[in-house]
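**Q** Using only what follows, build the 3D model:
(2 chains)
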Amino acid sequence: MADSANAPKPSSSVKLVLLGEAAVGKSSLVLRFVNNDFQENKEPTIGAAFLTQKCNLPTRTIKFEIWDTAGQERFASLAPMYYRNAQAALVVYDLTKPTSLVKAKHWVAELQRQASPGIVIALVGNKLDLTSDGSGSGGDADSAGDDSGDARKVTTEEAKAYAEEEGLLFFETSAKTGYNVTEVFTAIANAIPETSLKSARGAGASHAASRTEEQRVNLNGPRDPNAKEGCAC
Amino acid sequence: MESLGDTLWDVVICGTGLQQSLLALALSRSGKKILHLDPNDFYGGAEAALTLQEATAWVERLDKSGSRSSSVFRSASITKSEDSPALSFSRAYSLALAPQLIHSRSQLLNDLVSSRAYKQVEFLAVGSFFIFQPPSEASEKPTLNRIPSTREDVFLTTSIPAKAKRGLMKFLKFVLDYDVEPKRESWQPYTDMPLSEFLSKEFKMDTQLQTYIITLTLSLDGNLSTKDGLAVIHRHLSSMGVFGPGFAAIYPKWGGISEIAQVSCRAGAVGGAVYMLGTGIESIDTTVADQIQLQLTSGDTVKTRMLVKSSEVAVEESGVSRLIVIIGSPLKMLFEAVVEGQQKPAVAVVALPSGSLTYTAGKTSPFPVYVFAHSSDTGECPVGQSMLYLTTMTTPDAEDVLGKALQSFLDAVGVQPSPDILYQLYYERMAGTVDGQMEGSILSFPAASPSLAFDDLTLGPVREAWKRVLGDAADESAYMTFADREGIADDDDDLYD
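**A** Below is the predicted model:
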C-alpha cells in the first residue's frame, strides 16, 4: 500500500496454536482478529483448520498461520503434530470462570513440555465485556443480561502475577467488542525473535530458502507423468 | 456441550492406526457424527512414533500383559548404554514402529493430495539402496555397495562387470512394461517360481546381480515369486523420478506413517469428530436393534449405529523382528545425493542378504536383514545422531541375528572411531488377520501388513468401510476428494500489503 514504492518488507510465516478450555472464546478471538467479526452463541468450532492473517510491523510483516484445536483439547487428545514448530501460542481462559484459568495453567505446562523451547506464549483472559471494566471497549451497553454488569471471577492481579512468573505475555480481551484483540497479536509478533523467523515460502525478495525447504518433496508440484529411470540416450 | 452418552453416534472408530485414521479423513466432510477412540494415549496404533518415555511405557505394558496379550507386538525390550550423556531428552526422539517407505506412485499419496491432507506433512526423499558385502577374507572389512538406481547409474558404476551390465540393462527396460504382451509371455512360465530363477535363466544374471534386484523388492524372506517380484520391482522403477530426480520413494518427516495418522485424525476433528485418547472399549452390547451400546474404559456408555475397529490380534507365529537403534553419529556417507538436482535424502536402505552374516559358530542368517537408516533430518533424533531400523523375519535367533547385523553394518560403514550405540529397542511384530470383516454394523480392519514398503492393499478396506458408513450416499468419484478448508491460502499469494 503506502510503501509500495519502497522495497517490500521481509515477510515471515509464524505458526500460532490456540489452547484453552472449550467455550472460552478461542475461535472467537481469532475470528475477530482475522475477519473483524463476532458471532453470538457460536457453536463449537467445526471446519476451521487454520486461518491466516498478516500483521504489519514497522520493519517486517508477520503472517500468522493460526491453528485451531478442532476440539481435540476436549479430552486432552491433541497430537504432537499440533505443537510441532509452533512459534507462538495463545492460551485463553474465561474471566468469568476460575476453572478455566486452572485449565490454562495446565496448557502452559503442556506447552513447556511439548512445544519448541523458544515459543512465545500469550495468556489471554477473554470475555471482558461481561465485566464492569468491559465498557472501556466502546460502550456495548446492551450486551450482558447480567444487571450487576460484573461477572468477573478472575482478578487481573492474579492472572498477571502468574503470567509474569512464567514469562508470558498477558492481556484481557473481549472478542465480542474487539477490545485488545489486535494488540495481543501485535505483541506476539513483536515478541518473536528475529532469529527464529523463517522466510515465508515463495517470497521472492526474501532470504535463501532454508535447508529444510530444499529437502522437502513437493507432492503437488509438476509431476513427470512418464517418469522412468535414466535417459534413453 | 452435550455429553458423550446423549448422542447417537453414526460411527465409533476405535484405534488411530493408519486405516482408522484414513477412514476419519475420508469421512471428515460427510457430516456424520463420529466418535474416535484409542486405548493408547498416543496416536498411530501399530504405526505410532514413540518418544523414549512412551517407548518405555509401551514395553512395560506389553510385559505386563505377557502371553495373554492380544497385541500383534511381543518380546519388547530396551537396552540403554549405562551412562549415555549423548542421549538427549525423551521428546527429541520419535521411534517409528512402522518405518515404511512410500513409493511415489502409491495410491496413498494420491489420496493425501486429493484430500488436501498432504499440506500438513513434510515428505523427505528416500535415497540410496546399498548391499552389504561380507569380508572375503577374515582380515578384510565388510563393505557397502550402492545399487545403481537408474540406467545412467548402471553405465557409470564400476562394481558391475560390463557383461553383467548388459543383462541388468535389459532387465530394467523389460520391467517397465513387463505386464503387457508380448513381454508377459516371457515370464508367465515362471509365474510362481522364484524370481531368482527367472533372472538367472532369462537375463543370465549372476547371484550378485540377483541379490541387487531382490533387494529392491524389500522382500522379507528373500524368496518371492516371479509374479510378485516383477510387480514390486515395477512399482519401484516406475516410481523413480516422479517427484524429482534419483529417488523412488518418500518418507514422512517426524516418524513416518504415524504422521499421516495424526494429520488424518486432525482432519477428522476439523470436520467435527470427537477425539478421545487413552479410552478403549470395555464391552459391546448389540441386544438393542439398530444400535450398538459400548461400555468405554472411561466409564462412559455410548450408543452408535456403527462400530469400526481393527483386528489387531496376532493369529500367526510368523512376523518380523525389529531393532530400533539410536547411533551417536550422523553417518553422513549414507545420505548423499547421487543425482544432480536430487533432494538431499533422509533415508538410506541397506540390505544384508541371507547368509551374509555368521552370528554364532557356523550359523548364518537365514533371511535377509534390512537396515533403514534415518538421518536427523527426519526429526526422529537430534542433529549429530541417526536412527537405524533393522528388520528381519522372526526366528528363535532373530535377536542375535539383528545384533550381529548391527555390528556388521557399522563395520561396513567404517566410521572411525566406531560410533556409540546409545539406545536399542527390540520387538517382534506378529502377522495379524489378513481378512477384515466388512459386514453388518461392526466392521473390523485386517491388521496392517508389516512390510517394509507401504502396500496399497492397506487402502482397500478403508474405502470399503467408507462405503458401508455412507451407504447409498457414497459417491465413489468423490472419495477422498476435498477442497481446501477456509483460510488456507496458496503459498504464492501476495505477501505484501
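**Q** where's the lengthiest strand in chain A relative to the chain centroid, distance-wise?
**A** In terms of residue count, the longest strand belonging to chain A (DSSP state E) is strand A:11-20. Centroid displacement of strand A:11-20 relative to its chain, using Cα atoms, centre = their mean, to the nearest Å, is 5 Å.
**Q** hmm, it in reach of chain B?
**A** Yes. Contact of strand A:11-20 with chain B (Cβ under 8 Å from any Cβ of the partner chain) involves A:S11. Just so you know, the C-beta spots here come from the backbone N, C-alpha and C atoms, and that holds for glycine as well.
**Q** The helix or strand that that strand is followed by versus strand A:11-20: what angle between them?
**A** Next in sequence after strand A:11-20, counting helices and strands by DSSP states H and E, comes helix A:26-35. Computed by axes from the mean of the first three to the mean of the last three Cα atoms, to 10 degrees, the angle separating helix A:26-35 from strand A:11-20 equals 150 degrees.
**Q** now for helix A:26-35, which elements pack on it?
**A** Using 3 or more Cβ pairs under 8 Å, 6 or more residues apart in numbering or on different chains; DSSP states H and E, the elements in contact with helix A:26-35 are strand A:11-20, strand A:50-56, strand A:61-67, strand A:88-94, strand A:120-126, helix A:181-191.
**Q** Can you convert these into a markdown table and add a column each for mean pLDDT and mean neighbour count?
**A** Formatted as a markdown table, the helices and strands packed on helix A:26-35 follow (pLDDT from 0 to 100; neighbours: other Cβ atoms under 10 Å in any protein chain shown):
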| stretch | mean pLDDT | mean neighbour count |
| --- | --- | --- |
| strand A:11-20 | 92 | 24 |
| strand A:50-56 | 88 | 18 |
| strand A:61-67 | 93 | 22 |
| strand A:88-94 | 96 | 26 |
| strand A:120-126 | 97 | 26 |
| helix A:181-191 | 95 | 18 |
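**Q** Compare those and report which one is nearest to B:G328.
**A** Closest approach to B:G328 among the helices and strands packed on helix A:26-35 is made by strand A:11-20 (30.8 Å; Cβ to Cβ).
**Q** who does that closest one pair up with?
**A** Partner strands and pairing direction for strand A:11-20 (DSSP bridges) are strand A:61-67 (parallel), strand A:88-94 (parallel), strand A:198-199 (antiparallel).
**Q** the inter-axis angle of that strand versus helix A:181-191?
**A** Using the same axes, to 10 degrees: strand A:11-20 against helix A:181-191 is 120 degrees.
**Q** same for the longest strand along chain B, what does it pack against?
**A** For chain B, the strand reaching the highest residue count under DSSP E is reported as strand B:314-327. Here strand B:314-327 touches strand B:386-393, helix B:398-413, strand B:421-432, going by 3+ Cβ pairs under 8 Å, 6+ apart.
**Q** Name the strands paired with whichever helix or strand comes after it and say parallel or antiparallel.
**A** Remark: after strand B:314-327, the chain's next helix or strand is strand B:347-352, criterion DSSP H and E. When pairing is defined by DSSP bridges, strand B:347-352 lines up against strand B:123-133 (parallel), strand B:369-375 (antiparallel).
**Q** in the lengthiest helix in chain A, what's buried?
**A** Ranked by number of residues, the top helix in chain A under DSSP state H is helix A:98-114. Buried positions in helix A:98-114, judged by neighbour count with 16 or more other Cβ atoms under 10 Å in any protein chain shown: A:S100, A:L101, A:K103, A:A104, A:W107, A:V108, A:E110, A:L111, A:Q114.
**Q** just the helices and strands packed on strand B:314-327: most buried one?
**A** Most buried of the helices and strands packed on strand B:314-327 by mean neighbour count (mean count of other Cβ atoms under 10 Å in any protein chain shown) is strand B:386-393; its value is a mean of 25.
**Q** and B:Q293, what are its bridge partners?
**A** Here B:Q293, judged by DSSP bridges, has bridge partners B:D285, B:K303.
**Q** ok, it touching B:D285?
**A** Yes. Using Cβ atoms under 8 Å, B:Q293 is in contact with B:D285, at 4.1 Å.
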